[in-house]
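Peer 1: sequence and predicted structure below; questions after.
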Amino acid sequence: MCYFSLSVRVIFFLPSCEAEADPPSLSGVKKEVRAGESVTVSCSVSHSCPPHPPTITWSHIGSITVQSEQQTAGQHQLTSSLTFNAIASDHQQPITCSAQYHGGKKAISSVILNVTCE
């Protein structure tokens, strides 16, 4: 009778998840909005770690949608869009987008909202 043993080694290569904490890019903000008008602000960040994408949070309450898109050379873009109805008390208040990256790095971007009354 013969016995034998077999040893298998599996090696996984994961993408580098070292993140540059570049500030998020904000878009969609008008110079001036009217009270009661619907406002949509988008916040985009690039990253190279699909298993651990950044977490985007907002300083304002509203409806949030998130979209992820693969770019070139292993880069991915994560975009979070915040939609809300502007009110008078939003005038001269910052709308802040925070991106928390894998490993703890954090970056923020803000825009000041100018709200006019009707």
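Peer 2: Everything's here; your move.

Peer 1: in the helix or strand containing residue 79, what's buried?
Peer 2: For residue 79, the host element (DSSP states H and E) is strand 76-85. Buried positions in strand 76-85, judged by neighbour count with 16 or more other C-beta atoms under 10 Å: 76, 78, 79, 80, 81, 82, 84. Heads up, the C-betas are built off the backbone N, CA and C, glycines and all.

Peer 1: any chance of those in CSV, plus pLDDT?
Peer 2: Compiled in CSV, these are given as follows (pLDDT from 0 to 100):
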residue, pLDDT
76, 91
78, 95
79, 97
80, 98
81, 98
82, 97
84, 96
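
Peer 1: among those, which two are most distant?
Peer 2: Greatest spatial distance among these (C-beta to C-beta): 76 and 84, at 26.5 Å.

Peer 1: tell me the one among the buried residues of strand 76-85 nearest to residue 104.
Peer 2: residue 78 (17.1 Å).

Peer 1: any idea how far that closest one is from residue 100?
Peer 2: According to C-beta to C-beta, to the nearest Å, residue 78 and residue 100 sit 11 Å apart.
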